[in-house]
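1. Everything below, folded, please.
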Amino acid sequence: MKLKEDMTEEKLRGAYYTPLNLATNIVEKILDFSTIKNILEPSCGDGVFIEAIRNSEENASKKIKAIEIDKDAFNELSKKYKKDKYSALLNKDFFDYYENNKSVKFDLVIGNPPYIRYQYLEPNQRDELSKILTDNGLKSNKLINAWVGFTVACSKLVANKGSLVFILPAELLQVVYAKDLRNFLLREFNDISIFTFSSLVFDGIEQETVVLKCTHSSEHKGIRIIELSDADDLRDISLDDYKYIDAPCTQEKWTKYFTNADEVNLINEIKNDNRFHRLDDVALVNVGITTGNNKYFCVEKSIIKKYRLNNYVMPLIGRSAHVDGAIFTNEDYLLNYNKDKKANLLVLNQENNRYPNGLKEYIKLGEDQEVNKGYKCSIRDNWYEVPSVWIPDAFFLRRNNIFPKFVMNNIQAVSTDTMHRVKFNDGIDGENILLSYYNSISFAFTEINGRSYGGGVLEILPSEVGSIMLPIINGIPEDIKETMLSYIDLSLRNSTDIEIILDEVDRVVLVEYLGIQEETCTRFRQIWRKLNNRRLGRAR
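-> The predicted structure follows:
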């Protein structure tokens, strides 16, 4: 993590200014200014939204209150708009403004709030952010970004029949810490439109963004997601072509609304189908081992031999490349070990307080390299003793590319936090669970539950893995189970197209064994493919 003093001023202020074409298209294409009289821009930066609004003669007399915390940016704005009697510029922290002006309402609140992580806020700003959240029924924690607080506060300043229009990170749709915000918006507004872009709309910034438009409508409409290629696509859209979906307040992400209403209903049907259960109904899903320094604690054959560490290491899956199939075997481990991959984890504990000379030399090497000064290591009683080491029954890859990987642990292996650890409940046949995962329905739920990470990677957290729906196949014949597991494992090792594997598992497990309609499998494959293609499109 970068220290505050290492961050650029731009990043500390979260000041990534909106492109003029995006601001102009928002103002001209998705807003009706006929009913708008007064406007708030809570973090106006270089004034791009003021410019976009003033570029239209009919909006020349709209009252705009624009707030900017940065003195230099404010001074530039003051020079530019000093003759604009309808624009009131304030050099203030918006959180301070909100605390003293909660009763003031605006027909439109518009802008691009700052993206500042909690740890980079000043202490008083953290307190103000926490108060805004808790006063409005949201939880406050150290993962919350400043834009969440801006969105909540500005929502409370929207007048009856008014609108909030913000450019926000796509994290709004999917990250856990924005869950309360999503439910807050659903309670606060009855007309929510989200405009997404397959291209990045901010030059030089690897941050996927969306345009959020929330309105106090006279009728309940719900939520709709409008997918576009880039900002210029806003010029040509007809909003009436996009249908709303009813969105109840739930724990779920909004990524499922990239699907249509019929598909959402199908997803909900599976959740209520007694032939399915969640993974966390039958297993504990936990993060992998946090070593504090994988480069040091994950060791290869040559290091083991040099420092005579044989009695102090355990077999390890350190990366997805360490396992090709769906079952991690001793042969896989030996292949990695003999190729001098980091195939072992150094595991020490207080009982081993009389370490041999070779191990003492390796510990000294770590101290010479200042591994002991890293945060995770420095807070331990003995920096070289990695905590929470236990052997899971299976692994689930934390970050996935084309498709997610669920792997059975057939040896006493452990994993770093690149893999989540899965421990099956007592009495649960782990092979049944592994087989029940590789199908179109469970794959679709994985895409729905996870989130698109940089470069199109699917990142999924333990709680999200636990929410994946799996078919219940407790009574499946042993010969079919063994045949199918062997087929999946061998096919993955041979790099068989994943859709070919899904075709076979869908047919044997879902259709023939469980009696699921082929059409249902086909529709879930389409959902998986739609979400998968959208995610991977970012990488392309």
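2. Tell me how many other residues crowd the residue nearest to residue 29 when sequence neighbours are not counted.
-> Among residues not flanking residue 29 along the chain, residue 234 sits closest, at 4.9 Å (CB to CB, 6 or more residues apart in numbering). The way it works is simple: take the backbone N, C-alpha and C, and place the C-beta from them, glycine included. Residues within reach of residue 234, counting by other CB atoms under 10 Å, total 20.
3. I'd like the distance between residue 234 and residue 185.
-> As for residue 234, its distance to residue 185 is 21 Å (criterion: CB to CB, to the nearest Å).
4. Same check on residue 409?
-> For residue 409, the distance to residue 185 - CB to CB - is 41 Å.
5. same check, this time on residue 472
-> With the distance defined as CB to CB, residue 472 ends up 35 Å from residue 185.
6. higher neighbour count, these two?
-> The residue with more neighbours, out of residue 472 and residue 185, is residue 185; 22 against 17, by other CB under 10 Å.
7. Residue 388 versus that one, what's the distance?
-> As judged by CB to CB, residue 185 and residue 388 stand 37 Å apart.
8. now do residue 485
-> Taking CB to CB, one finds residue 485 at 29 Å from residue 388.
9. Tell me which of these two has more neighbours.
-> A count of neighbours by other CB under 10 Å puts residue 485 above the other of residue 485 and residue 388, at 19 against 10.
10. What score does residue 218 have for pLDDT?
-> pLDDT, residue 218: 81.
11. count of neighbours near it?
-> 10.
12. Can you read off the backbone torsions of the nearest residue to it once chain neighbours are set aside?
-> Using CB to CB, 6+ apart and skipping the chain neighbours, the partner closest in space to residue 218 is residue 161 (7.2 Å). Main-chain torsions, residue 161, degrees, to the nearest 10: phi 70, psi 10.
13. Could you do the one 5 residues further on as well?
-> Backbone torsions of residue 166, given as degrees, to the nearest 10, read phi -130, psi 150.
14. For it, give its distance to residue 257.
-> Residue 166 sits 18 Å away from residue 257, going by CB to CB.
15. So the two - more neighbours on which side?
-> Each of residue 166 and residue 257 has its neighbours counted (other CB under 10 Å); residue 166 has more, 24 against 21.
16. how near is the more buried one to residue 51?
-> Per CB to CB, residue 166 is found 18 Å from residue 51.
17. just residue 254 next, same as before
-> Per CB to CB, residue 254 is found 31 Å from residue 51.
18. More neighbours: the two, which one.
-> Legend: neighbour count by other CB under 10 Å for residue 254 and residue 51, higher for residue 254 (21 against 15).
19. from memory the more buried one sits against residue 192, does it?
-> No. Using CB atoms under 8 Å, residue 254 is not in contact with residue 192; the gap is 9.1 Å.
20. Report the beta-bridge partner residues of residue 90.
-> Residue 90 has these beta-bridge partners by DSSP bridges: residue 67.
21. Mind jotting down where the strands sit in the stretch 401-540 of the chain?
-> Under the criterion DSSP state E, counting those that start in this stretch, the stretch 401-540 of the chain contains strands at 406-409, 414-415, 419-424, 451-452, 458-459, 469-471.
22. Ok, which of those comes nearest residue 248?
-> Closest approach to residue 248 among those (CB to CB): strand 469-471, 18.2 Å.
23. Other residues contacting the closest one?
-> Strand 469-471 is contacted from outside by 270-271, 275-279, 282, 433, 436-437, 439, 441-442, 445, 509-510, 514, 516, using CB atoms under 8 Å, 6 or more residues apart in numbering.
24. quick one: low-confidence ranges for the stretch 301-450 of the chain?
-> By pLDDT under 70, the weakly predicted segments of the stretch 301-450 of the chain are 350-353.
25. Swap in 50 and give it another go.
-> The stretch 301-450 of the chain contains no residues with pLDDT under 50.
26. If we ignore the residues flanking it in sequence, what's nearest residue 402?
-> Leaving aside its sequence neighbours, residue 402 sits nearest to residue 498 (CB to CB, 6+ apart; 6.5 Å).
27. is it true that the one you found touches residue 404?
-> No. In this structure residue 498 lies outside contact range of residue 404 using CB under 8 Å: 9.7 Å.
28. who's more crowded, those two?
-> Each of residue 498 and residue 404 has its neighbours counted (other CB under 10 Å); residue 404 has more, 22 against 17.
29. Go ahead and confirm that one touches residue 458.
-> Yes. With contacts counted by CB under 8 Å, residue 404 reaches residue 458, the gap being 6.6 Å.
30. tell me, what's touching these two both at once?
-> Contacts common to residue 404 and residue 458, judged by CB under 8 Å, 6+ apart, are 446, 450.
31. Quick check: the gap between the residue lying closest to residue 177 once chain neighbours are set aside and residue 126.
-> Once flanking residues are discounted, residue 177 sits nearest to residue 143: 4.2 Å by CB to CB, 6+ apart. Residue 143 is 12 Å from residue 126, where distance means CB to CB.
32. just residue 236 next, same as before
-> For residue 236, the distance to residue 126 (CB to CB) stands at 43 Å.
33. Show me which of the two is the more surrounded one.
-> When residue 236 and residue 126 are compared for neighbours, residue 126 comes out ahead with 19 against 9, by other CB under 10 Å.
34. Shouldn't the more buried one be within a helix?
-> Yes. With DSSP: H, G, I helix; E, B strand; the rest coil as the criterion, residue 126 is located in a helix.
35. What's the separation between the closest residue to it other than its chain neighbours and residue 240?
-> Spatial nearest neighbour of residue 126, excluding adjacent residues (CB to CB, 6+ apart): residue 118 at 6.5 Å. Residue 118 is 40 Å from residue 240, where distance means CB to CB.
36. Same drill for these two, tell me which one is more crowded.
-> Applying other CB under 10 Å to residue 118 and residue 240 shows that residue 118 carries more neighbours, namely 19 against 6.
37. which ones are touching the more buried one?
-> Residues in contact with residue 118 (CB under 8 Å, 6+ apart) are 126, 129, 141, 142, 143, 144, 145, 146.
38. Please spell out the PyMOL selection for the buried subset of those.
-> Selection of buried members from the contacts of residue 118 for PyMOL, criterion 16 or more other CB atoms under 10 Å:
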select buried, resi 126+129+144+145+146
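39. Among the contacts of residue 118, which lie within helices?
-> Mapping the contacts of residue 118 onto helices (DSSP state H) picks out 126, 129, 146.
40. out of those, who's nearest residue 322?
-> Nearest to residue 322 out of the ones in helices among the contacts of residue 118 is residue 146 (CB to CB; 39.0 Å).
41. Can you give me the distance of the closest residue to the closest one other than its chain neighbours to residue 169?
-> Using CB to CB, 6+ apart and skipping the chain neighbours, the partner closest in space to residue 146 is residue 116 (4.0 Å). For residue 116, the distance to residue 169 equals 12 Å [CB to CB].
42. Now do residue 480, the pLDDT please.
-> 97.
43. Which residue is the nearest non-sequential neighbour of it?
-> Among residues not flanking residue 480 along the chain, residue 508 sits closest, at 6.7 Å (CB to CB, 6+ apart).
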